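>>> let me see the structure of the following:
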Amino acid sequence: GELCMNGHKFAADRINAKGGIKSLGGAQLEFVVADAESKPQVAMSAVEKLITKDKVAAIMGPFSSGLSFAATQSAEKHKTPIIIPIAVADKITERGFKYTFRCSMKASQNARDSLNFLKWLGEKTGKKPKTVALLTEDTLWGQSSAKAWKAMVPEYGYKIVAELSYSKTTQDVSPTIAKLKAAKPDVVLQISYTPDAILITRTMFDQNFNCMGRLPSGGGHTDPRFVKALGKMVNYIMINRLYDPSIKGPGDKNQRINTEYKKKHGYDMDDYSGPAYDATWVLADALERAKSTDRDKVRDALATTNIKFEISETLRPFTYKFDKSGQAPAETVFAQYQDQKSVFIYPEKYSAGKPVWPM
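Next up is the predicted model:
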């Protein structure tokens, strides 16, 4: 949550410094921050307060799928636009809501992209995996991802040799990793938050687990604390990312903006701050075109968004344009930890390095 807020505030500072919302006389973006406390019911009541008491024009967040699923219900009830920067559970944008807009991909899109990347790796290196294990935490994010993978993996010619689920609050994953090791998968597709991602990686090293590759989807594996906690243990893990600062863009804008961000915060932009940064620009663009803070006018402006990566301040290499469900055609990007740093690998046209495969 804090990393998301860093991205939102960093974007707002830049927008305000550039003159704010010019169609509203240079109005400055101001945030009212509410803590969902990682509880869906609290997320719903927080949204109610932001709308009815604080009179906000729009809402951004929250972080996780479970919280976003709840928060969007309250926003829809009060006809207030809500922009979801990160949460990926498919159902968030599959309920016919008119005020929900998601800047990131669905879990099913994420699953498709990771398998396309895995196929590309095999073709690129000539070393093709045959078997896959699913290792996922047990909340809405993990289970929706597991469901999507289970449906798609056979289509790519891989065999699933293990389907393992665990509680994200667990303190011991030894039995789970023992089962994983016994299954001998070529590739592990994984969904984890930060504490469990760290615990699982340490346990894999303790049990001398080995495979061709690990391909986690965002979450804890892209948190700066993951690298700080594990050091060299992170090397050669492939990461399915929402954003990577080494993406090659026009005029090296990603690198320039990341340098500015790192100077302020002491670390690179990540899967949390990057999408939150972009979501703030999406909102600013809608306010500019709406020429109003009226919620229905902002909602209608969001519905006609068309922000191109090549000619905008956004950082992710696709066009922000929402379909009727409020879903953007987001694309997953892929990187690999090399020398404890994230190196952007795929799509190739934006790559900053070459993959080490197998790990």
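>>> where along the protein do the strands fall?
Shown for the chain, the strands assigned by DSSP state E span residues 59-60, 82-84, 100-102, 131-137, 159-166, 187-191, 213-216, 238-241, 333-338, 341-346.
>>> check which helices and strands the shortest one sits against.
Yep, that's strand 59-60 we're talking about. Applying 3 or more C-beta pairs under 8 Å, 6 or more residues apart in numbering; DSSP states H and E, one finds that strand 59-60 makes contact with helix 40-52, strand 82-84, helix 273-290. For the C-beta atoms, the positions are set from N, CA and C on the backbone; glycine is no exception.
>>> what's around Lys150, how many residues?
Lys150 has 14 neighbouring residues, counting by other C-beta atoms under 10 Å.
>>> same check on the one 3 residues further on?
Neighbours of Val153 under the rule other C-beta under 10 Å: 20.
>>> now swap in the one 3 residues further on and tell me
Residues lying near Tyr156 (other C-beta under 10 Å) number 14.
>>> next one: the one 4 residues further on
Taking other C-beta under 10 Å as the neighbour definition, Ile160 ends up with a count of 16.
>>> doesn't Pro129 make contact with it?
No: counting by C-beta atoms under 8 Å, Pro129 is not a contact partner of Ile160; they are 11.9 Å apart.
>>> which stretch among the strands of the chain comes nearest Asn254?
With distances scored as C-beta to C-beta, the stretch of the strands of the chain nearest to Asn254 is strand 341-346 (9.3 Å).
>>> which helices and strands does that closest one pack with?
Using 3+ C-beta pairs under 8 Å, 6+ apart, the elements in contact with strand 341-346 are strand 238-241, strand 333-338.
>>> in it, what counts as buried?
342-346 (16 or more other C-beta atoms under 10 Å).
>>> and the helices in the chain?
Counting by DSSP state H, the chain has helices at residues 2-17, 40-52, 65-77, 107-125, 140-152, 174-183, 194-206, 224-230, 253-265, 273-290, 295-303.
>>> export those helices as TSV, with columns for mean pLDDT.
Shown next, in TSV, are those (pLDDT from 0 to 100):
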stretch	mean pLDDT
helix 2-17	96
helix 40-52	97
helix 65-77	96
helix 107-125	91
helix 140-152	90
helix 174-183	98
helix 194-206	97
helix 224-230	93
helix 253-265	95
helix 273-290	97
helix 295-303	98
